[in-house]
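Engineer: my questions concern the predicted model and sequence given below.
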Amino acid sequence: MKLNINGKPVDVAAEPDMPLLWALRDVLGMTGTKFGCGAAFCGACTVQLDGEPVRSCQTPVSAVGTAKITTIEGLSASAIGRKLQDAWVALDVPQCGYCQAGQLLAAEALLRATPKPSDADIDAAMSGNLCRCATYTRIRAAIKQAAGA
Amino acid sequence: MTIALSRRSFLFASAAVGGGLCLGLSPGAADAAEPGQLNAWVVIPPTGRIRIMASNPEVGQGIRTSLPMVIAEELDADWAAVEIVPTIADAKTYGRQVAGGSQAMPTHYENMRRVGAAARAMILSAAASEWGVPLAELQTDRGQVVHGKRRAPYGRFAAAASALPAPDLAKVAVKDPKSFRLIGTFQPGVNNRAIVSGQQAYGIDAVLPGMLHAAFHKSGVQRAAVKSANLDAVKAMPGVRDAFIVPASDEYEGLAGGVAILADTTWHAQRARNGLKVEWTDSPAAAQSTTAWAAMAAAAKGKPPALPVHSAGDAAAALAGAARRVSATYEYPFIPHLPLEPINCTARVSGTTVEIWAPTQNPEPGRLAVAKALGVPPENITIHMLRVGGGFGRRLQNDYMVEAAWIARAAGRPVKLTWTREDDVTQDFLRPGGWHHLEAGLDASGRCIAWDNHFISFGRDGKFARAAGIGPADFPAGMVDHFRVGATILPLIHTTGFLRAPGNNAFGFVTQGFIDELAHAAGADPLQFRRDFLGPARIIGDPASRGSYNTGRMRAVLDKAAAMAGWGRKLPARTGLGIGFHFSHLGYFANVIEASVSTAGEVKVAKIWVAGDVGRQIVNPAGALNQVQGSVLDALNACRNHAVTFADGAIEQRNFGDLPLLRMDEAPPIEVAFLTPDYAVTGLGEPAYPAVAPALANAIFAATGVRLRKLPFDFSALKA
């Protein structure tokens, strides 16, 4: 099966119904995408398909088709992604950091669609991503910093 | 990548022995709690970056940033240019390597200062010799030795310095804290860049050559063993390489029985579980039931406690003679830890040599447990402490380490064991639930003169389960003239454990909620009643114990939080301020919560004001603020949905759908202030948690007149 991951074509030896999460992690060794709940509750496994955040634990590789997959390893290819990464580092957003790949991919999609998000925009875009350490205050601040607010 | 990481650790350890400056330092006699300790945290190569070892497990509390900051400060290294290197588990070299009890900072702060200062002293000594100038004329400036206009990097003197005897740690001079330029500044976590680019290896990211992925299927009713399983059918499933029965240890908390499935990927292993059919043996845990326990707890009310815990004065007589008596039952559930990184461990066993890659908070008990389960010498076990995707106390227990090692040996190949979220919820070491049947007496002036607590908890054979006990010195012991606490222990088999501020996370709710009730019964302002309850500044409890506390420090944070929140200001209808304080883990915290309650019973927290005191120095405000905000929001989880229940011996909840934790849109603003009186520096992972739930209950009472005494809160009771 051929996938487009972070701008590169990749051959993946995976059964069609294998979730993209496990194809990335266990077949391709791309471990930046995280397993959290396996049931679309937590958002730790968030990647982008053609720029839209999706739960890779619920996305069979067969459903990806020619869609462009962006994972945390490819986030810095986006200028918005780099601004978010810089803000995340500077404001010391992570505690354990395990959810932050998913948070960043959700935030990148938000800022691309809504360059100057309001608090309500942030709530709507980010509430699918659980942070067990509850770094929400800093995630909000970092999104605003990256947005130049 | 993980292998590279572990090799890196070894590489640096050996470089420290053979190359530049390796500090071997014996702690002074005052630190005899860790005898035989020989530390090695600083490596200064002739050229290149200074390396500072990060020897404590990182669970998100920022310890791999904050302790190296302490060393770098006294070493006078350039923080922007140092490299932080995580170490393996090696308690003989590094002392206490535990992420638990908020103890890393109080245990290591002063020692790490001396470790850094000693390294700087050795460099200066070598520089003085080489340059032929008096030591007193030398200064340092961020990794350079300075003499007048002459300067040179530390590395230039490292080889000579490493030949010098290590200074006596106890005699090494440290900086005047007024001259700190790193400690006390906002420093982002040293692994942040790796985290935001997907390059940070967590435990679950360990990959070994030839490794298989394992699922381990256990009964939801603990202590059940496998009678039979359709192993042949499972082995025939796609991607499955092997499946076998793991026999249950007879020991409580020994290796659990179950079926191990080994496959090419985690997904194959988990999918094969769906086709697994297991017949289990009967378990003594099958009788566990939340409704049955609740009935037992209710029946115990009014009866004498089976187990006396502490008594002072004559509580019964004082209650009988009190001007006013107040009684209430407080209740809280079992709660799971739910670290976002599911439980996992990777192991490789060759003969009697074991290598483990684990996200653990507490490696040494894991080493001993693996040694026992596999019958290998503890010193044959290497434990790589990979970054932990959330601990909260769950990973103080190392059951998964034993499982992974046992399964890897049986498989004859390296194995990564990954639990599902459902495994995590149903097999956790839970924060025990409990009930407190309380009665207090007030004198005519409204002062609390008697306090009686019949505590209903859990355990076996007349003993409290782990983290299920109450201590004779627990608040408010020592503060009320006539005081009595006793316990009744309900039967429990399921494993319990430490969860963020163990004991305190529940007792804070109970005591600060009940004190609020006493304040209202006395017709007093809840803040003023607490001030009077605390009384004059003094030490309560044995000053040598970790449980003793200073009422003056508590009063100061209480007043600070109240001032921050504008305590006493006028509020709209159905809006209230609630206050609470708690001392735990050597830290003093108070907070005020502003909450409003709609007529439909929806509670909105407008803001939380937190005042804390963890001693004279906040080492890294970046991590400190994160810990406080995280603890406070974690405690709000406990007010809402953070609870599990038992039926037919097993936990009924499965995943985050049953346990909806706080989200972005539900997180209120939190304002934090630290007081820094001149006391020892202590830790921050836990003490901000316990006073949050009562402050919310108290705010809700102020808003509605409804008193919530049971966690999680039943908001439906708040409808107008």
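Structural biologist: Happy to help now that I have it.
Engineer: in chain A, what residue lies closest to chain B?
Structural biologist: Proximity of chain A to chain B (C-beta to the nearest C-beta) peaks at A:Gly32, 2.3 Å away. (Each C-beta comes from the backbone N, C-alpha and C, glycine too.)
Engineer: wasn't that residue part of a helix?
Structural biologist: No: using DSSP: H, G, I helix; E, B strand; the rest coil, the assignment for A:Gly32 is coil, not a helix.
Engineer: if you drop the residues flanking it in sequence, what lies closest to it?
Structural biologist: Among residues not flanking A:Gly32 along the chain, B:Gly198 sits closest, at 2.3 Å (C-beta to C-beta, 6 or more residues apart in numbering or on different chains).
Engineer: where does chain B get nearest to chain A, which residue?
Structural biologist: For chain B, C-beta to the nearest C-beta, closest residue to chain A: B:Gly198, 2.3 Å.
Engineer: hey, which helix is longest across chain A?
Structural biologist: The residue-count maximum for a helix in chain A (DSSP state H) belongs to helix A:100-113.
Engineer: starting at the chain centroid, how far to stretch A:7-20?
Structural biologist: Centroid separation for stretch A:7-20 versus its chain: 18 Å, with C-alpha atoms, centre = their mean, to the nearest Å.
Engineer: same question for stretch B:405-423.
Structural biologist: 25 Å.
Engineer: picking up where we left off before, number of residues surrounding the residue of chain A closest to chain B?
Structural biologist: 22 (other C-beta atoms under 10 Å in any protein chain shown).
Engineer: show me the contacts for it.
Structural biologist: By C-beta atoms under 8 Å, 6 or more residues apart in numbering or on different chains, the contact set of A:Gly32 is A:71-73, A:101, B:197-199.
Engineer: would you convert those into TSV that also reports secondary structure?
Structural biologist: As requested, the contacts of A:Gly32 are exported to TSV (three-state DSSP):
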residue	secondary structure
A:Thr71	coil
A:Ile72	helix
A:Glu73	helix
A:Ala101	helix
B:Ser197	coil
B:Gly198	coil
B:Gln199	coil
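Engineer: B:Trp267: which of those residues is nearest?
Structural biologist: Taking C-beta to C-beta as the measure, B:Trp267 sits nearest to A:Thr71 out of the contacts of A:Gly32, at 17.0 Å.
Engineer: what does the stretch 251-400 of chain B put close to chain A?
Structural biologist: B:264-267, B:270, B:338-342, B:387-392 (C-beta under 8 Å from any C-beta of the partner chain).
Engineer: tell me the secondary structure at the closest residue to B:Arg51 other than its chain neighbours.
Structural biologist: Counting by C-beta to C-beta, 6+ apart, B:Arg51 lies nearest to B:Val43, which is 4.1 Å off, once chain neighbours are set aside. Secondary structure, three-state DSSP: B:Val43 is strand.
Engineer: need the residues of the stretch 1-150 of chain B near chain A, please.
Structural biologist: Close to chain A, as judged by C-beta under 8 Å from any C-beta, the stretch 1-150 of chain B has residues B:1, B:59-62.
Engineer: lowest-confidence member of those residues, which is it?
Structural biologist: Across the set of the residues of the stretch 1-150 of chain B next to chain A, B:Met1 stands lowest in pLDDT, at 28.
Engineer: tell me the centre residue of chain A?
Structural biologist: Nearest to the geometric centre of chain A sits A:Leu105, at 2.9 Å (C-alpha atoms, centre = their mean).
Engineer: I'd say that one and A:Val47 touch.
Structural biologist: Yes: assessed by C-beta atoms under 8 Å, A:Leu105 is found in contact with A:Val47 at 6.1 Å.
Engineer: shared neighbours, those two?
Structural biologist: A:53, A:70-72.
Engineer: pLDDT at the residue of chain A closest to chain B, what is it?
Structural biologist: 98.
Engineer: output the below-cut-off pLDDT ranges for the chain.
Structural biologist: Reading this off chain A. A:149 (pLDDT under 70).
Engineer: oops, I was thinking of chain B
Structural biologist: B:1-39.
Engineer: for it, longest helix please?
Structural biologist: The single longest helix within chain B, with elements called by DSSP H, is helix B:104-131.
Engineer: packing partners of that helix?
Structural biologist: On a contact count with 3 or more C-beta pairs under 8 Å, 6 or more residues apart in numbering or on different chains; DSSP states H and E, helix B:104-131 meets strand B:21-22, strand B:42-44, helix B:63-75, strand B:139-141, strand B:144-147, helix B:155-162.
Engineer: in it, what's buried?
Structural biologist: Of the residues in helix B:104-131, those with enough neighbours to count as buried (16 or more other C-beta atoms under 10 Å in any protein chain shown) are B:104-128.
Engineer: can you show me the strands along the stretch 301-450 of chain B?
Structural biologist: B:307-312, B:324-332, B:344-350, B:353-358, B:381-385, B:415-418, B:434-442, B:448-460 (DSSP state E, counting those that start in this stretch).
Engineer: so which of those strands comes closest to B:Leu138?
Structural biologist: strand B:381-385 (37.4 Å).
Engineer: can you show me the CA trace of that closest one as CSV?
Structural biologist: These are the backbone C-alpha positions of strand B:381-385, laid out as CSV (Å, rounded to 0.1, in the frame of the first residue of the first chain):
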residue,chain,number,x,y,z
ILE,B,381,18.9,-6.1,35.7
THR,B,382,19.4,-2.9,33.8
ILE,B,383,16.5,-0.4,33.8
HIS,B,384,16.3,2.4,31.3
MET,B,385,14.0,5.1,32.7
